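Participant: quick one, structure for this:
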Amino acid sequence: MRRFSPHSIVRRHFNTLHIEGKKDKMNWVEFAFFSIIPVMIAALISSLYRIDADTSRILVTVFAVFAGLFLNLLAMIYNVFDRSFQKSQIMNNHGDDRKAKLFMFEETIHNIAFGVLVSIMIVILGLMIVLFGPLSHVLIVVLNYILNALLVIFIFTVFMVLKRLDNLIASEMVRKLEMFENARKLAKKKK
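Facilitator: Just a heads-up that it's a prediction; the model follows:
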């Protein structure tokens with residue numbers, strides 16, 4: 001049953017919510033922001049709006065696409081990660097930021113995997129609303145609340161992934177610019 005358990009994906013995602021520079025110390029403010037705040041927002045949304053079958057069908061379609069996009073992003077990030085951290089690349093590019101970037105890549109991969117998991121859960125819950133909604137009002141209320149919580153968590157996760165990707169790209173651009181400047185200075189010295 002371990003092959004079907006999402007526990008490790010969830011655990012790794014929440015392990016990325018640590019104090020900067022201290023991988024073993026949980027940042028409780030971020031943890032609250034990514035767990036308690038979505039629950040509170042979901043309660044507010046659920047009290048104001050009930051997701052009906054038509055909205056649920058739209059969510060199923062949208063999040064099936066998001067799951068596919070996030071899976072592709074996961075594959076692309078892993079490919080870049082794999083290429084940039086091969087032994088020859090590490091030996092040539094052993095800057096101080098490489099270890100930090102390695103951790104950033106790892107955490108981004110965990111966050112994207114969590115986004116895929118949440119997307120799949122939204123699709124399943126959306127289908128449950130369409131299929132079982134007419135059978136029980138209580139079931140609809142519960143599914144509506146869980147679905148709203150997952151929607152908020154997904155939005156927060158997308159912002160987290162976007163910020164991490166921006167940091168990775170920005171740090172790589174700084175490194176490339178420094179390499180360019182060093183090569184230019186070396187070329188001037190040879191003249």
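Participant: where along the protein do the helices fall?
Facilitator: 7-15, 28-48, 53-84, 87-92, 97-132, 137-190 (DSSP state H).
Participant: which of these has the lowest average pLDDT?
Facilitator: Per-segment mean pLDDT for the helices of the chain reaches its minimum on helix 87-92, at a mean of 55.
Participant: one step back: comparing the helices of the chain, which comes out most buried?
Facilitator: When you average the neighbours per residue for each of the helices of the chain (mean count of other Cβ atoms under 10 Å), helix 97-132 leads with a mean of 19. Placement of C-beta: from N, CA and C, glycine included.
Participant: elements contacting it?
Facilitator: In terms of contacts (3 or more Cβ pairs under 8 Å, 6 or more residues apart in numbering; DSSP states H and E), helix 97-132 is packed against helix 7-15, helix 53-84, helix 137-190.
Participant: which of those helices sits closest to residue 123?
Facilitator: Taking Cβ to Cβ as the criterion, helix 53-84 is the member of these that comes nearest to residue 123, at 5.1 Å.
Participant: can you add distance to residue 25 and give the helices and strands packed on helix 97-132 back as JSON lines?
Facilitator: Converted to JSON lines, the helices and strands packed on helix 97-132 look like this (distance: least, Cβ to Cβ, whole Å):
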{"stretch": "helix 7-15", "distance to residue 25": "11"}
{"stretch": "helix 53-84", "distance to residue 25": "25"}
{"stretch": "helix 137-190", "distance to residue 25": "18"}
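Participant: to residue 107, which of the ones you listed lies closest?
Facilitator: Between residue 107 and those, the shortest separation by Cβ to Cβ is 6.6 Å, and it involves helix 137-190.
Participant: could you check the angle the closest one makes with helix 28-48?
Facilitator: 140 degrees (axes from the mean of the first three to the mean of the last three Cα atoms, to 10 degrees).
Participant: now find how far off-centre helix 137-190 is within its chain.
Facilitator: For helix 137-190, the distance from its own C-alpha centre to the chain's C-alpha centre is 8 Å (Cα atoms, centre = their mean, to the nearest Å).
Participant: which helices and strands does that helix pack with?
Facilitator: Other elements packing on helix 137-190 under the criterion 3+ Cβ pairs under 8 Å, 6+ apart are helix 28-48, helix 53-84, helix 97-132.
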